[in-house]
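Chemist: the amino acid sequence is not available; the structure is as follows:
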DNA sequence: AGCATCTCCGGAAACGTTTACGCTCGCGCG
DNA sequence: CGCGCGAGCGTAAACGTTTCCGGAGATGCT
């Protein structure tokens, strides 16, 4: 716990000079800088983050806000985890650390209600990244409406200093449907993500529009609602497979649901891809671990996280910067579950080619 | 950005009184406390974390340090993710927030070398949780040797204020082997975790000792080294299955490796569990998503994380407290991959019964 | 020689809290 | 009546930085 005063005392200069030397200010002679730096090294000096934050009004910390309900903690969904890795890299490279906030905690004793804004705001964090929320949470809505720089993943909430990053969900879905159609399927069903969220809605919209583009009819019974988690994929698939005229292909809006679909098919004795083709969305690690390996629409989750970090850093450092709005391309990864594997290696098709 | 001064001014009392009212000090009258609290609510006052930390020397933040190499970011291993969820819960409930540190970042400009100790130390965080490191990293060793309260997951590093939490790895491994033997297997192989780490070594030791206890010979060619990730399980299994006298059962020291084993078996056309039984370790979400569903030794990862939080909080709040050392029990979860499923529902056996 | 201009540095205020100390009441008690 | 005491509150120091302002000395220019 060396302080800057001690450095000043031992080196015979003022704290101001020490501070300048440490921060690379030009107005300190090379010789004294050397001396101070050496001393700092020797005494294992580390500046106090708190003091620094207090005066500079910059904490170099960004808050990460995710849902942590008892049901489906977002931290347990591979999608968020991989985004988090990208976020960590991007933020770290720009000198920011990540502070984790969750939604299921009591506030720190103020006013009873817990409030991200309150906990994150003031001089706590320089900005925030929101994962797994749409605008329906009032706390999040307030956060988005505030002046704290903020990036929301997978939702466009507006707000003066609130941007977003998301994948090209609609195009990705179209890729999946087109792939299935190209394989000869005409009875293509979908298990949607959580409706009301951008990825849920957009992927459904992509399914619809590509069906239309291909001249296929949209059959209501071929659209079942899921929630991105495997259990809903399991149940949805059972429903679909028990239809009088079951689909020959299923587009699940997440890999986890696709895994659930595989399990359902397996239980019912229907072969994948022989009897029903399955394609997922995300390309989480699971996708290539599972049997049969999943054909899926890959989101570049690392890029999403990194883009969030970049956008946020820009907003933090330039108060005039417009909120970042980033769309990252998706691409189809063909594996076994769709029966579309022709080459020995994976085939991919990017969302750019969707036209 | 309301400050305590503004509250003081508007309410006609001194900042000291406001501070006391806000912090529930008894030496302030009930009436003024009410008035101040109301005002604080109305002005949306939040105390400055930085200022508070500066004077109280408590940040209420604990650092989470994990490996983030380019190869296998720990953040991508489901085990760490689930531990993180438990940690978040436990820490949050005790008023601590989590600050993420990674191993692949440049230091904040001091001395060139990045140092967790340096970045975490001083008044930055009140304590640290270390994930995915053994004592061979010099930075971590230094951290452990320091006076910062610290909990290491899956490694006992010693140190004056450094405790650990881990699962009963050895007993868990014995459970797995015993289960396999109970099913009639005599040629039981193992794919180890990373050797040199506690979970890697201990699970191997459990395999060995249970084999001995059962009167089975230990065959060197039945022990292949892995690294907890799926690729190593895949390669190890190929090697095992191509042996002249291949094992009839494989105990993989992680579920990810077990998944790799399943993939290898599938490729080679050997049936699971018909031709070879497989049991994993961890019981990550994947285990029940995969086909066949994985028999595995369940670690209570949530409990591990929570125990880390509890132990750390205690060490932080009581400087005299001895470092926490927590062992959490494991239990066997029988599913399809071992062929040992008798009842329609999962059967479990806890490590307590190993005797 | 006189003056302006740098270069390098010190003093001190400021950031927003907490808390030790001390003060002033009002009250009860001997 | 005088004293002590507790309740309630204010004053001010302290936490460790950054940064503005200014000053001393050296240097350059006319």
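Modeler: Ah, there it is. In this text the structure is predicted, and so the values were computed from the model without any measurement. Numbers count the residues shown, from 1 in each chain, chains lettered A, B, ... in the order given.

Chemist: could you pull out the strands for the stretch 151-300 of chain A?
Modeler: Using DSSP state E, counting those that start in this stretch, the strands of the stretch 151-300 of chain A run over A:162-167, A:188-192, A:223-225, A:249-252, A:277-282, A:295-299.

Chemist: out of these, flag the one nearest DNA strand C.
Modeler: Distance to DNA strand C, taken as CB to the nearest atom of the strand, is lowest for strand A:162-167 among those, at 23.5 Å. All C-beta atoms are positioned from the backbone trio N, CA, C, and that covers glycine.

Chemist: from the rest of the structure, what touches that closest one?
Modeler: Strand A:162-167 is contacted from outside by A:143-145, A:149-157, A:198-199, A:299-300, A:304, A:307-308, A:311-312, A:315, A:322-330, using CB atoms under 8 Å, 6 or more residues apart in numbering or on different chains.

Chemist: again, only using 7 Å
Modeler: By CB atoms under 7 Å, 6 or more residues apart in numbering or on different chains, the surrounding residues in contact with strand A:162-167 are A:144, A:150-156, A:198, A:299, A:304, A:307-308, A:311, A:315, A:323-328, A:330.

Chemist: what does stretch A:227-246 give?
Modeler: So stretch A:227-246 is in contact with A:72, A:187, A:189, A:191, A:193-194, A:221, A:224, A:226, A:247, A:250, A:252-254, A:256-261, A:263-265, A:268, A:270, B:289, going by CB under 7 Å, 6+ apart.

Chemist: repeat that with 6 Å
Modeler: Applying CB atoms under 6 Å, 6 or more residues apart in numbering or on different chains, the contact partners of stretch A:227-246 are A:72, A:189, A:191, A:193-194, A:224, A:226, A:247, A:252, A:254, A:256-257, A:259-261, A:263-264, A:268.

Chemist: out of those, which end up buried?
Modeler: Burial of the contacts of stretch A:227-246 was assessed by neighbour count (16 or more other CB atoms under 10 Å in any protein chain shown); the buried members are A:189, A:191, A:193-194, A:224, A:226, A:247, A:252, A:254, A:256-257, A:259-261, A:263-264.

Chemist: of these, closest to residue B:33?
Modeler: Relative to residue B:33, the closest of the buried ones among the contacts of stretch A:227-246 is residue A:194; by CB to CB it sits at 44.0 Å.

Chemist: you'd agree the closest one is up against residue A:202?
Modeler: No. Using CB atoms under 6 Å, residue A:194 and residue A:202 do not qualify as a contacting pair, with a distance of 11.8 Å.

Chemist: residues touching the closest residue to DNA strand C within the stretch 51-200 of chain A, list them.
Modeler: With CB to the nearest atom of the strand as the measure, residue A:55 is the residue of the stretch 51-200 of chain A nearest to DNA strand C, at 3.4 Å. Residue A:55 makes no contacts at all, as judged by CB under 6 Å, 6+ apart.

Chemist: just the pLDDT for it.
Modeler: According to the predicted model, the pLDDT of residue A:55 comes to 94.

Chemist: three-state assignment of it?
Modeler: helix (DSSP: H, G, I helix; E, B strand; the rest coil).

Chemist: any idea how far it lies from residue B:84?
Modeler: 33 Å (CB to CB, to the nearest Å).

Chemist: how about the residues of chain A by chain B?
Modeler: A:41, A:46, A:48-51, A:53-54, A:73, A:75, A:81, A:85, A:88, A:92, A:97-100, A:102, A:105, A:111, A:118, A:121-124, A:259, A:266, A:289-291 (CB under 6 Å from any CB of the partner chain).

Chemist: lowest-pLDDT helix or strand in chain A?
Modeler: For chain A, using mean pLDDT, DSSP states H and E, the weakest element among its helices and strands is helix A:116-120, scoring a mean of 62.

Chemist: how close does residue A:85 sit to residue A:15?
Modeler: Summarising the geometry, the distance separating residue A:85 from residue A:15, computed by CB to CB, is 40 Å.

Chemist: more neighbours: which of these two?
Modeler: Neighbours per residue, other CB atoms under 10 Å in any protein chain shown: of residue A:85 and residue A:15, the larger number sits with residue A:85, 20 against 14.

Chemist: give me the element the more buried one is part of.
Modeler: Applying DSSP states H and E as the criterion places residue A:85 in helix A:78-93.

Chemist: which other helices and strands contact the following helix or strand past that helix?
Modeler: The C-terminal neighbour of helix A:78-93 among helices and strands, as given by DSSP H and E, is strand A:97-102. Judged by 3 or more CB pairs under 6 Å, 6 or more residues apart in numbering or on different chains; DSSP states H and E, the packing partners of strand A:97-102 are strand A:61-66, strand B:97-102.

Chemist: partner strands of strand A:97-102 and their direction?
Modeler: Partner strands for strand A:97-102, per DSSP bridges, with pairing direction: strand A:61-66 (parallel), strand B:97-102 (antiparallel).

Chemist: okay, the angle between the first one and helix B:78-93?
Modeler: If I follow you right, that is strand A:61-66. Strand A:61-66 runs at 100 degrees relative to helix B:78-93, counting by axes from the mean of the first three to the mean of the last three CA atoms, to 10 degrees.

Chemist: give me the distance from strand A:61-66 to the chain's centre.
Modeler: How far strand A:61-66 lies from its chain's middle: 12 Å, per CA atoms, centre = their mean, to the nearest Å.

Chemist: same check on the last one?
Modeler: Its chain's average C-alpha position is 14 Å from that of strand B:97-102, according to CA atoms, centre = their mean.

Chemist: for it, what is the average pLDDT?
Modeler: Here strand B:97-102 scores 86 as its mean pLDDT.

Chemist: with the first one instead?
Modeler: Model confidence over strand A:61-66, given as mean pLDDT, is 91.

Chemist: now the residue sitting nearest the centre point of chain A: closest residue in space that isn't a chain neighbour?
Modeler: Within chain A, one residue has its C-alpha closest to the average C-alpha position: by CA atoms, centre = their mean, that is residue A:83, at 4.1 Å. Leaving out its chain neighbours, the residue that sits closest to residue A:83 by CB to CB, 6 or more residues apart in numbering or on different chains is residue A:305, at 4.3 Å.

Chemist: thought residue A:87 was touching that neighbour, still the case?
Modeler: Yes. With the criterion set as CB under 6 Å, residue A:305 and residue A:87 qualify as a contacting pair; they are 3.6 Å apart.

Chemist: please give the number of neighbouring residues around residue A:235.
Modeler: Residue crowding around residue A:235 was assessed by other CB under 10 Å; the count is 17.

Chemist: which SSE is residue A:16 in?
Modeler: Residue A:16 is located in helix A:15-22, with elements delineated by DSSP H and E.

Chemist: do that helix and DNA strand C meet at all?
Modeler: Yes. Helix A:15-22 comes into contact with DNA strand C (CB under 7 Å from any atom of the strand), by way of A:15-17, A:20.

Chemist: run a quick neighbour tally on the nearest residue to residue A:98 once chain neighbours are set aside.
Modeler: In space, residue A:98 comes closest to residue B:100 once its chain neighbours are excluded; the distance is 4.2 Å by CB to CB, 6+ apart. The local packing count at residue B:100 equals 21, with neighbours defined by other CB under 10 Å.

Chemist: and residue B:100, how far is that from residue B:74?
Modeler: From residue B:100 over to residue B:74 the distance is 11 Å, taken as CB to CB.

Chemist: what does residue A:182 give?
Modeler: When CB to CB is the yardstick, residue A:182 and residue B:74 sit 39 Å from each other.

Chemist: follow-up on the earlier one: which of the strands of the stretch 151-300 of chain A sits most buried?
Modeler: Compared across the strands of the stretch 151-300 of chain A, strand A:249-252 shows the largest average neighbour count, a mean of 32 (mean count of other CB atoms under 10 Å in any protein chain shown).

Chemist: now do the helices in chain A.
Modeler: A:4-11, A:15-22, A:30-43, A:49-56, A:78-93, A:116-120, A:138-145, A:169-182, A:198-213, A:230-241, A:255-268, A:301-317 (DSSP state H).
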